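Q: can't give you the sequence, but here's the structure:
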Ligand SMILES: [Zn+2]
């Protein structure tokens, strides 16, 4: 039986998503005997999708109104922060599905204001449960973990009605992300990735990824920061997928050239 290395998209679908994406991810990993989960994906998950769930949760908590929370998402959707809106809507969708599943009793004989407040509290508590349970179960996905020494998986804190996910950054070792020395010792892979990342097209994530890899060339003396660790993104998965493992991702387009440069395969669930 074969091995698979989960990227953040698939890890997220398995851990916190519901519906068709969750089902296809679950069916996909059943085909493998070894399911490798990098803590890097856990780190990206907390800083990305889980953070968008937190955003939705905390809006409900601070506004105390379901309708005003939706309105704030509507306003945010007109700004460049569309990722945040998409993520928060995912939280709303998953929480709604859970709500229907639970088939809670109807609210009777209360004012629209009370109902709005009750809905906000209900969604807030459901979202908090999703966030806390997902984080508590973060290592229940997969059969192996590819550790990340710079990341200690800090606990989620409740601060009054709010949730706090900090710290979400690397714990620097000798003022550097732990991936720095590991990648610097693989100069051939660094060069292969640099040739594989498009230099044209003007995508910000490509130029950031190139900049990190350039920092990790033998000739460079600049150390790798938390921002660099983050910018590495898809290149991390190409570098650290076990040799015999297929990288499973919903974003094959971005992963494929990087994985191919290092002789690794990419598959979509
Ligand atoms: Zn790091």
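A: Nice, thanks for sending it over. Given the structure is predicted, the values throughout are model-derived calculations rather than measurements.

Q: surely residue 33 touches residue 3?
A: Yes: counting by Cβ atoms under 8 Å, residue 33 sits close enough to residue 3 to count as a contact (7.3 Å). For every residue, glycine as well, the C-beta is placed using N, CA and C.

Q: who's more crowded, these two?
A: residue 3 (17 against 10; other Cβ atoms under 10 Å).

Q: list the contacts of that one.
A: Contacts for residue 3 were tallied using Cβ atoms under 8 Å, 6 or more residues apart in numbering; they are 32, 33, 34, 35, 36, 242, 244, 245, 246.

Q: show me where the protein has strands.
A: For the chain, applying DSSP state E gives strands covering 3-6, 34-38, 144-146, 157-159, 162-164, 245-248, 266-267.

Q: and the most centrally placed residue in the chain, how close does it get to residue 182?
A: By Cα atoms, centre = their mean, the chain has its centre lying nearest to residue 45, at 2.3 Å. Going from residue 45 to residue 182 by Cβ to Cβ, to the nearest Å gives 21 Å.

Q: next: residue 210.
A: 19 Å.

Q: these two: which has the busier surroundings?
A: Summary of the neighbour comparison: residue 210 and residue 182, criterion other Cβ under 10 Å, with residue 210 having more neighbours (17 against 14).

Q: excluding sequence neighbours, find me the nearest residue to the more buried one.
A: Of all residues not flanking residue 210 in the chain, residue 197 sits nearest, at 5.3 Å (Cβ to Cβ, 6 or more residues apart in numbering).

Q: from the ion, how far off is the one you found?
A: In this structure, residue 197 lies at 19 Å from the ion, with Cβ to the ion, to the nearest Å as the measure.

Q: pull the number of nearby residues for that residue.
A: Every residue meeting other Cβ under 10 Å relative to residue 197 is counted, giving 21.
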